[in-house]
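Student: Here's my sequence, what's the structure:
(chains A and B)
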Amino acid sequence: MTRKQKRLAIIGGGVGFLMAAVFLVMFAFSQAVAYFYVPGDLAKAGLAPGTRIRLGGLVETGSLKRGEGKTVTFNVTDTLGTVPVTYTGILPDLFREGQGVVAEGAFVAGSPVFVADTVLAKHDETYMPKDVADRLKAQGVALGGKENIQ
Amino acid sequence: MIIELGHYALVLALATALVQAILPIAGARRGDRALMELASSAALVCALLVAFSFAVLTFAYVTSDFSVRNVWENSHSLKPLIYKISGVWGNHEGSMLLWLLILVFFSALVALFGRNLPETLKATVLAVQAWIAAAFALFILLTSNPFARLISAPGEGKDLNPVLQDVGLAIHPPLLYLGYVGFSVCFSFAIAALIEGRIDAAWARWVRPWTLAAWTFLTAGIAMGSYWAYYELGWGGWWFWDPVENASFMPWLAGTALLHSALVMEKREALKIWTVLLAIMTFSLSLLGTFLVRSGVLTSVHAFATDPTRGIFILAILVVFIGGAFSLFALRASRLKSGGLFAPISREGALVLNNLILTTAAATVLTGTLYPLVLEALTGEKISVGAPFFNMTFGLLMLPLLCAVPFGPLLAWKRGDLTGVAQRLFVAAAVGLLVAAVYYYAMNGGPVLALLGIALGVYLIVGALTDLVLRSGIGKADGSVAWKRLSGLPRSAFGTALAHAGLGVTLIGIVAVTAFETETVVEMKPGMMVNAGGYTLRFDGMRQGRGPNYTDETGHFTVSRGGVAVTEIWSSKRLYTARRMPTTEAGIRTFGLSQLYVSLGDPMTDGGIVVRVWWKPLILCIWGGALIMMAGGVVSLSDRRLRVGAPTRAKRAAGLALGAAE
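Tutor: Next up, the predicted model:
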């Protein structure tokens, strides 16, 4: 191979690989990301059952049923809408009624219940998932007594 | 009083850094030796001042001086001593001070061990280090002063976030910072090369040990962080593709690429411009990581406080340094002459492939990490990019690299023989498939992809050893001759083999845990049993207890196999009294390389409790592999080549002689 051909081979291979990577990233963005919703958004969103989303909001006070088996149920609310959620497993340490939560999962066809496979209520007792705080603030929900929230 | 002295030392450190940032480089331009020599002494003074300042803050923590706001916010008088000390960097201000301390520590090392560097290069490198140090000292003094006092000292502190009260915190951040900040030296060398407008193989030799050291620390820091998250958070996961994890992983990927491209430059004088660019990119990713973690753009356990002015300040540092570095690169890179030619199939070619894949992978991780932020800023839409995205993109991209790794060391420089190498690796591939077949048999089946993954891991390990076997002639030459040859091999050959084998070990761990772990969630009452990984756990009941600053409830489990009790597991939930914050302390037992992992959930109304039990097959391979990689880094670092002969900037002829001598 001449010097030029060698260089072309290397550059061609590199560009080909980069193209493959870009294609892969685009594909993954269309398939493997979860959009974030609060209950009030869901009516107009018109999600197909089975679409993975992140549902955020406050855990409605008085809605949590635990201690009756492995599956817990609770309602996520943003005051404009309320969604019943079921989750099988152990809730995070900082999961509490009246506090922010993000549940990841999907709606099952023909049911209003959101089946979560991951529940996040992160590491700090004053922590409210930022996504939730922003949306709730945007919808004018008072975040009483939580002045630590950014 | 002592607190104010610490504060004052930091101000003096800033002043010293400013002197070090300006005078030596002016000296290097004008050939003024006195000014150039100032760099070393300034670097040492600056390091001592910051160290004093850090010691003062540590003193405030140890003595629980709650008149210091930072101590009051993050400490508690009842906290065990080790967490008082590690609490110094368990908060925003203290962790930035640690960052600065490590930065000036590295500058001091360059000053001390760079005696053989050409004086203009050394002066310029230290000046660039001082630019960074000055920027961060200013940042700390203006926005994150750890020495701020409270008017009236409270009697008790607010305590450290309980999740951070762990030995992990004592070790993880310093290691990670040693890695992150260690790359600043490579960055400074790259900038100095661009300013001086010349670069050669000797430059690569000076940069390589710093890259190796930083890489080794970063590997340790990431592995430590992963293990910490695994046992402390109680979720049983060891990697979450959390943006904060990605922030440390990107410099690691770029740093790994830099390690390999510097090799090409050192041996063959090729890829000069690329290596300089990579050195800039690696440290830029470290800075970006610092920004992402510390600015509050991301919410996580790492974002201690969210103060917008801090975010903007770090962003400004980011823009100035990254933007400045890339502009300088654009202006001056054309001055650097490129060197040796090589065929696509050659050691150089393999290293280029390594760089191509690693940087592409880093770019993918960067895209996935920043895309949600950019999308939200532009459209207000919120998305979460998590494990599925990264597994699909990063995982697939790394696959060809993993297959190619054993080829690299076996290919000759300049022009290699691909078929010959493939034949030599035949044994490695065969052993890999054989082990996978045995595993299949032992596990009574399993997904084909997972088995191929295990085969790939074994192939990486055997492939790494193949290089040593071939070079020493084991099996062909006489036993003692082979031994002599083996012990005569340069340490870097062992380093390479270890690092590559470690990668294989980690891969095996990842594949085994992903494919073969079992997870059971059950309600248990005392006396009930649950099976996991061939073991039976019997729940014996709960017990109340109390620690220095928490109360806990502990579940006791007896583990048996085949009806014989083998060990016990205690798993507990703690409530930290100062913050009323609960944490899960998972019960973990190790069996060989596998682990049983038990965490407790909610108590039932009828007296039972929800228990989550995982069987994690071969999980220790994940971190064990990282340890082996680190060992590879350390062994490479001890290579004679990096200590002897390296520092003399070779003249043309001498350079050839040195190359031939190896």
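
Student: What residues does residue B:381 make contact with?
Tutor: Neighbour list for residue B:381: A:35-36, B:375 [criterion: Cβ atoms under 8 Å, 6 or more residues apart in numbering or on different chains]. In short, each C-beta sits where N, CA and C put it, glycine included.

Student: 7 Å instead?
Tutor: Contact analysis of residue B:381 by Cβ atoms under 7 Å, 6 or more residues apart in numbering or on different chains lists residue B:375.

Student: Am I right that it is in a helix?
Tutor: No. Counting by DSSP: H, G, I helix; E, B strand; the rest coil, residue B:381 falls outside a helix, being coil.

Student: Report whether the lengthiest helix in chain A contacts chain B.
Tutor: Counting by DSSP state H, the longest helix found in chain A is helix A:3-31. Yes. Residues of helix A:3-31 contacting chain B under Cβ under 7 Å from any Cβ of the partner chain: A:3, A:6, A:9-10, A:14, A:17-18, A:21, A:24-25, A:28.

Student: elements contacting that helix?
Tutor: Secondary-structure packing of helix A:3-31 (3 or more Cβ pairs under 7 Å, 6 or more residues apart in numbering or on different chains; DSSP states H and E): helix B:347-379, helix B:396-404.

Student: ok, and what's touching stretch B:568-580?
Tutor: So stretch B:568-580 is contacted by A:125, B:76, B:158-159, B:162, B:537, B:549-559, B:582-587, B:589, B:596, B:598-600 (Cβ under 7 Å, 6+ apart).

Student: Just the buried ones among those, please.
Tutor: Using 16 or more other Cβ atoms under 10 Å in any protein chain shown as the burial test, those include A:125, B:76, B:159, B:162, B:537, B:549-550, B:552-557, B:559, B:582-587, B:589, B:596, B:598-600 as buried.

Student: any low-confidence regions in the chain?
Tutor: If you meant another chain, say so; for now it's chain A. A:1, A:67-69, A:122-150 (pLDDT under 70).

Student: actually it's chain B I care about, not the one you picked
Tutor: Chain B contains residues with pLDDT under 70 at B:295-308, B:338-340, B:640-662.

Student: Enumerate the strands of it by residue range, in sequence order.
Tutor: Under the criterion DSSP state E, strands of chain B are mapped to B:383-385, B:518-524, B:529-532, B:535-546, B:550-561, B:564-576, B:581-585, B:587-591, B:594-603, B:609-616.

Student: Could you measure from the residue nearest to residue B:546 when sequence neighbours are not counted over to chain A?
Tutor: Distance criterion Cβ to Cβ, 6 or more residues apart in numbering or on different chains; nearest residue to residue B:546, sequence neighbours excluded, is residue B:552 at 7.0 Å. From residue B:552 across to chain A, the span is 12 Å (Cβ to the nearest Cβ, to the nearest Å).

Student: Please name the nearest non-neighbouring residue to the spatially most central residue of chain B.
Tutor: Centroid-nearest residue in chain B, with Cα atoms, centre = their mean: residue B:218, separated by 2.4 Å. Leaving out its chain neighbours, the residue that sits closest to residue B:218 by Cβ to Cβ, 6+ apart is residue B:179, at 2.6 Å.

Student: ok now do that neighbour, which residues does it touch?
Tutor: By Cβ under 7 Å, 6+ apart, the contact set of residue B:179 is B:214, B:217-218, B:221.

Student: What of residue A:112?
Tutor: residue A:84.

Student: quick one, the helix or strand just after the longest helix of chain A and helix B:347-379 angle?
Tutor: Sequence-wise, the next helix or strand beyond helix A:3-31 is strand A:33-37, with elements assigned using DSSP states H and E. Strand A:33-37 runs at 20 degrees relative to helix B:347-379, counting by axes from the mean of the first three to the mean of the last three Cα atoms, to 10 degrees.

Student: What is the neighbour count of the closest residue to residue A:3 other than its chain neighbours?
Tutor: Leaving aside its sequence neighbours, residue A:3 sits nearest to residue B:341 (Cβ to Cβ, 6+ apart; 6.5 Å). Applying other Cβ atoms under 10 Å in any protein chain shown, we find 14 residues neighbouring residue B:341.

Student: what do you get for residue B:511?
Tutor: Counted with other Cβ under 10 Å, residues neighbouring residue B:511 total 25.

Student: before we move on, what about residue B:292?
Tutor: Counted by other Cβ under 10 Å, the residues lying close to residue B:292 total 26.

Student: Now do it against residue B:392, distance only.
Tutor: Noted for residue B:292: a distance of 22 Å to residue B:392, by Cβ to Cβ, to the nearest Å.

Student: cool, residue B:237 as well?
Tutor: Residue B:237 is 18 Å from residue B:392, by Cβ to Cβ.

Student: Check residue B:545 too.
Tutor: To residue B:392, residue B:545 is 45 Å away according to Cβ to Cβ.

Student: got a list of what residue B:165 touches?
Tutor: Applying Cβ under 7 Å, 6+ apart to residue B:165 gives the contacts B:79, B:83.

Student: at 8 Å what do you get?
Tutor: B:79, B:83, B:576.

Student: hang on, the earlier thing: double-check the residue nearest to residue B:546 against residue B:545; I have them as touching.
Tutor: Yes. Between residue B:552 and residue B:545 there is a contact under Cβ atoms under 8 Å: 5.0 Å.

Student: so which strand or helix has the residue nearest the centre of chain A?
Tutor: Central residue of chain A (Cα atoms, centre = their mean): residue A:54, 2.2 Å from the mean position. Element membership of residue A:54, judged by DSSP H and E, is strand A:53-59.

Student: neighbouring strands for that strand, and are they parallel or not?
Tutor: Sheet neighbours of strand A:53-59, with direction, are listed as strand A:33-37 (parallel), strand A:71-77 (antiparallel), strand A:100-107 (antiparallel) (DSSP bridges).

Student: what about these, which gets the closest to residue B:357?
Tutor: Across these, residue B:357 has its closest neighbour in strand A:33-37 (23.4 Å, Cβ to Cβ).

Student: separation between residue B:347 and residue B:498?
Tutor: Taking Cβ to Cβ, one finds residue B:347 at 19 Å from residue B:498.

Student: same deal with residue B:538?
Tutor: Residue B:538 sits 42 Å away from residue B:498, going by Cβ to Cβ.

Student: Show me which of these two is the more surrounded one.
Tutor: Shown here are residue B:538 and residue B:498; by other Cβ under 10 Å, residue B:498 has more neighbours (23 against 17).

Student: near chain A, which residues of the stretch 401-550 of chain B?
Tutor: Applying Cβ under 8 Å from any Cβ of the partner chain, we find that the stretch 401-550 of chain B lies next to chain A at B:521-523.

Student: With neighbour count added, can I get those residues in a markdown table?
Tutor: Compiled in a markdown table, those are given as follows (neighbours: other Cβ atoms under 10 Å in any protein chain shown):
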| residue | neighbour count |
| --- | --- |
| B:521 | 17 |
| B:522 | 18 |
| B:523 | 18 |
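
Student: Show me which of the residues you listed is closest to chain A.
Tutor: Here the nearest of these to chain A, counting by Cβ to the nearest Cβ, is residue B:521; it sits at 4.9 Å.

Student: For the stretch 51-200 of chain B, what lies in contact range of chain A?
Tutor: Near chain A, when you scan the stretch 51-200 of chain B using Cβ under 8 Å from any Cβ, you find B:161, B:163.

Student: Ok, which of the helices and strands packed on helix A:3-31 comes nearest residue B:471?
Tutor: Among the helices and strands packed on helix A:3-31, helix B:347-379 comes nearest to residue B:471, with 13.5 Å by Cβ to Cβ.
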